[in-house]
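In: just coords:
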């Protein structure tokens, strides 16, 4: 199962809140989460925790993540790190001020929910 967009958006937002609560930058929080050890609990929740240089950080996966696997979490974090770089580049290219809030807004804008899709076979040779 791939994590749904709604879950990814909530997870990204919760990591931003964690960064605000801890006084860390948004990137530092994403980096910590990406380096963290993922643990599954007996009730199916996934906890993310890490420690380095005398600091410990833990992030709990939002409750909307029921059914999301540790592999899905790793994929989300990889997408978040890629999205952070893309957002930073996009904001800089526009000449806007780069801030954690601006980066989060940009990243969330990249994560639009796909409501429908259709197949196009017009280029398939017969």
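Out: Yep, it's here. Only a predicted model underlies this, so the values are computations on that prediction, with no experimental measurement involved.
In: Please count neighbours and contacts with C-alpha atoms only from this point.
Out: Will do.
In: Beyond the helix or strand harbouring residue 20, next helix or strand please.
Out: Following DSSP states H and E, the helix or strand that holds residue 20 is helix 5-22. Downstream of helix 5-22, the next assigned helix or strand under DSSP H and E is helix 26-35.
In: Please compute how far that next one lies from its chain's middle.
Out: Taking CA atoms, centre = their mean, to the nearest Å, one finds helix 26-35 lying 10 Å from the centre of the chain it belongs to.
In: Worst mean pLDDT across the helices and strands of this protein, which element?
Out: strand 46-52 (a mean of 55; mean pLDDT, DSSP states H and E).
In: Quick check: which element contains residue 117?
Out: Applying DSSP H and E, one finds residue 117 in no helix or strand.
In: Low-confidence stretches in the protein?
Out: 1, 37-66, 113-114 (pLDDT under 70).
In: Remind me what the longest helix seen in it packs against, helices and strands.
Out: Ordering each helix of the chain by length in residues (DSSP state H) puts helix 70-94 first. Helix 70-94 is packed against helix 26-35, strand 37-40, helix 100-110, with contacts defined by 3 or more CA pairs under 8 Å, 6 or more residues apart in numbering; DSSP states H and E.
In: if you set the cut-off to 10 Å instead, what comes out?
Out: Counting contacts by 3 or more CA pairs under 10 Å, 6 or more residues apart in numbering; DSSP states H and E, helix 70-94 packs against helix 5-22, helix 26-35, strand 37-40, strand 46-52, helix 100-110.
In: Output the ones you listed in a markdown table; the columns should cover mean neighbour count.
Out: Shown next, in a markdown table, are the helices and strands packed on helix 70-94 (neighbours: other CA atoms under 10 Å):
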| stretch | mean neighbour count |
| --- | --- |
| helix 5-22 | 17 |
| helix 26-35 | 19 |
| strand 37-40 | 15 |
| strand 46-52 | 16 |
| helix 100-110 | 17 |
